[in-house]
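> okay, sequence plus prediction incoming.
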Amino acid sequence: IDEYLAPSTPNGVTDFPAGFGSDSKWQEDFQITRRWAEDGIIGADVMSTTDADAQFKAGAGGAVVQTINNFGAVEALLKQNNEGAELEIYVNDPAIREKKDGYAKTDFKAWNFLCIPKTAPAAKRDKAMRFMNWLFEDRANHDLFQYGIKGKNWEEAKDAGGAAINNTVSTVGMEAYSFPAYELTWNSDFIRVQAASDPKVQEYTEYMYDVGRYVAIPYAEFTFDPQRTAALATAVNNATLGNGITLAQSYYLGQYANPVAAWNDVLAGRYANASLQAALKTIQEEVIYQLQAYLDR
């Protein structure tokens, strides 16, 4: 690993082979949002906005980032607050928009990553397995756990003739119940997609659950331990490292003139920040150490 990660450019940055270098798309993103801010598309008070979602539903915003499963609920409130309003989705990731296979790299740990500890008593392990068998042996059991009580929390969507549309779930106007599939019930055999006026919602929801969309990363079973040593724990909690995402938000929202040059100045300051660079070096060395140990095992 050391051979491939050894710093080979100024500031200790690794010069990867063509196609594997650092992402430069941020430059385009910063420039686009700056133009939007200058054109008034992004308001001057955007940094003080605390609930963009509520503003959008009230009709005071042109777009909002949301999860696709919430389309129906968002649309209902939007129409309730704004007569004649219509809603549609736009998928901002080109690869997802084109529904590419094998695009989403994953370690599969966030998808049904259920663990039954070896240290649990045998009787409890048996009970856990019996529950899992019950959950996935029948669609009605799965529907109850993921969507709630049919008729109270959800119904199948209806077509123009009043017939139920297979593999759909409609929750508009019903008692709220939320159990994200990734927490336990993700199962491609029991998928129900949210009914929506925009046909792309069903199209992309089905793509989201398509097993062919995902590909395992080579080190899928590796888990980085950020607390392995006291030095590493301190490095991970470096203050400058922690506020990086927050600082970047104002650039992504177009609040800086000449954002690319301004952000490069920020980067230059980070390269000159001895405490930050020491923390990053500690983290890099620890990633190499832990990943090498994993490969050796």
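Thanks, I have it. Predicted model only: the values in this text are computed from it and were never measured.
> make it CA atoms for all contacts and neighbour counts henceforth
Noted.
> chain neighbours aside, what residue packs nearest to Ala95?
Once flanking residues are discounted, Ala95 sits nearest to Tyr103: 7.1 Å by C-alpha to C-alpha, 6 or more residues apart in numbering.
> residues contacting the one you found?
95-96, 213-215 (C-alpha atoms under 8 Å, 6 or more residues apart in numbering).
> filter these to the buried ones?
Neighbour counting over the contacts of Tyr103 (16 or more other C-alpha atoms under 10 Å) leaves 96, 213-215 as the buried ones.
> can I get those in a markdown table with pLDDT?
A markdown table is the format used below for those (pLDDT from 0 to 100):
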| residue | pLDDT |
| --- | --- |
| Ile96 | 90 |
| Arg213 | 88 |
| Tyr214 | 88 |
| Val215 | 89 |
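> which of those fall within strands?
Among these, the members falling in strands (DSSP state E) are 214-215.
> could you export the buried ones among the contacts of Tyr103 as JSON lines, including distance to Trp263?
Listed next are those as JSON lines, based on distance: C-alpha to C-alpha, whole Å:
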{"residue": "Ile96", "distance to Trp263": "28"}
{"residue": "Arg213", "distance to Trp263": "34"}
{"residue": "Tyr214", "distance to Trp263": "33"}
{"residue": "Val215", "distance to Trp263": "33"}
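> how far does stretch 247-264 stretch from start to finish?
In stretch 247-264, first residue to last residue: 13 Å (C-alpha to C-alpha, to the nearest Å).
> can you confirm Trp263 is in a strand?
No. Trp263 is assigned helix when assessed by DSSP: H, G, I helix; E, B strand; the rest coil, not a strand.
> what's the closest non-adjacent residue to it?
Tyr251 (7.8 Å).
> what does stretch 80-90 contact?
Contacts for stretch 80-90 (C-alpha under 8 Å, 6+ apart): 57-59, 75, 78-79, 198, 200-201.
> picking up where we left off before, can you tell me how far the residue nearest to Trp263 sits from Gln31?
The value you get for Tyr251 to Gln31, if C-alpha to C-alpha is used, is 9 Å.
> touching both of the two, which residues are there?
In contact with both Tyr251 and Gln31: Pro259, using C-alpha under 8 Å, 6+ apart.
> on that earlier part again, name the nearest of the buried ones among the contacts of Tyr103 relative to Thr223.
Val215 (17.3 Å; C-alpha to C-alpha).
> mind listing what's buried in stretch 60-67?
Ala63.
> between its first and last residues, how far does that stretch reach?
End-to-end for stretch 60-67, by C-alpha to C-alpha: 19 Å.
> now do that stretch: everything it contacts.
52-53, 55-56.
> quick one: that stretch to chain centroid distance?
16 Å (C-alpha atoms, centre = their mean, to the nearest Å).
> between the contacts of stretch 80-90, which is nearest Asp39?
Looking across those and measuring by C-alpha to C-alpha, the closest to Asp39 is Gly59, at 19.7 Å.
> can you tell me how far the closest one is from Gly151?
Gly59 is 30 Å from Gly151, by C-alpha to C-alpha.
> equivalent analysis for Phe190, please.
Distance, Phe190 to Gly151, using C-alpha to C-alpha: 18 Å.
> if we can go back for a sec, between Gly59 and Gly151, which is the more surrounded one?
Between Gly59 and Gly151, counted using other C-alpha atoms under 10 Å, the more crowded position is Gly59 (16 against 11).
> picking up where we left off before, taking the contacts of stretch 60-67 one by one, which sit in helices?
Residues from those lying in helices, with DSSP state H as the criterion: 52-53, 55-56.
> closest to Asn273 among those residues?
The closest of the ones in helices among the contacts of stretch 60-67, once distances to Asn273 are taken by C-alpha to C-alpha, is Ala52, at 34.4 Å.
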